[in-house]
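Visitor: below is the sequence, then the predicted model.
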Amino acid sequence: MRPAHLLAVLVSAVLGAGLGVVGGLVTGGSHHFEDPLGLDVPLVDQACTDRSLLVVATGSNSSALSAAVVVEKPGSVRYLATARSCPTAWAPAGKEPRPYAAYLGPYSTAEACAERMTVAHHGDFVTILRDGVTEPVQCLCHVSYTSNPVLRQGADGVLESMYVWALQDVLTHLGRNPAGHSTGVYDQQTIDEVKQYQHDNALPANGVVDQITWQSIVSRGCKRYPS
């Protein structure tokens, strides 16, 4: 084979291979980012930066994370390997962390909590990227109490339930609610606890968590949480 002909064959082979790789990237044949679970979103581990993440799913395989990934806005969700990321709270209190976590962010803690305290994220949690933290962020302490729903007997909507959970947790930190009584239900026990709190703090003891009672509970209770 003549040298010129041989050179043309080699150039053609190199160009063909290059175009094949590019085509694979464009058509999704192979990712240009790390994606071990095949979720079609990038795995991006997170170091300890004091920023916060809204964790939308945790698990050990793609099926545990895929539903959460699908419902989030395209391009907004990522996932990480918890063992390779900041050693912080990767699970709700009392639960073991899973190998992977899907998340939105990083945000400031206030931004993450504003997103968390919505119906769309009622089952999610916020974690701060800080070494040694053992529990998720108590978002009641990072949103304005003026926007909290009024809680009274019969409050049973999804949004109200989220705030009842948070209220019960804060009351527990104040020593007014047993640790095992976190139900998300504004039941008689919770009403009685609120009435006693109101009585002890010179508030109308009606068992209704209105703006004035929220202000008092948040200002006192949130001092018990790490800043």
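Guide: Structure's in. What do you need?
Visitor: and stretch 80-100, what's its mean pLDDT?
Guide: Mean per-residue pLDDT for stretch 80-100: 95.
Visitor: for E115, give me its contacts.
Guide: L54, L104, Y107, H121 (CB atoms under 8 Å, 6 or more residues apart in numbering). Bear in mind the C-beta positions are built from the backbone N, C-alpha and C, glycine included.
Visitor: output the helix or strand containing the first one in PDB, but only the C-alpha positions, please.
Guide: Yep, that's L54 we're talking about. Assessed by DSSP states H and E, L54 sits inside strand 52-59. C-alpha atoms of strand 52-59 as PDB (Å, rounded to 0.1, in the frame of the first residue of the first chain):
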ATOM      1  CA  SER A  52     -27.400  23.000  53.300                       C
ATOM      2  CA  LEU A  53     -29.100  20.400  51.100                       C
ATOM      3  CA  LEU A  54     -32.700  19.400  50.700                       C
ATOM      4  CA  VAL A  55     -32.600  15.600  50.700                       C
ATOM      5  CA  VAL A  56     -35.400  14.200  48.600                       C
ATOM      6  CA  ALA A  57     -34.600  10.500  48.700                       C
ATOM      7  CA  THR A  58     -32.100   8.100  50.200                       C
ATOM      8  CA  GLY A  59     -31.400   4.500  49.400                       C
END
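Visitor: quick one: contacts of it?
Guide: Contact with strand 52-59 is made by 46, 64-65, 67-69, 72, 77, 82, 90-91, 97-109, 111-113, 115-116, 121, 124-129, 136-137, as judged by CB under 8 Å, 6+ apart.
Visitor: selecting buried members of these in PyMOL, what would you type?
Guide: Filtering the contacts of strand 52-59 down to the buried ones (16 or more other CB atoms under 10 Å) takes a single PyMOL command:
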select buried, resi 46+64+65+68+69+72+77+82+90+91+97+98+99+100+101+102+103+104+105+106+107+109+111+112+113+115+116+121+124+125+126+127+128+129+136+137
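Visitor: got the contact list for the closest residue to T146 other than its chain neighbours?
Guide: Spatial nearest neighbour of T146, chain neighbours left out: Q211 (6.2 Å); criterion: CB to CB, 6 or more residues apart in numbering. Q211 makes contacts with Y145, T146, N148, V150, as judged by CB under 8 Å, 6+ apart.
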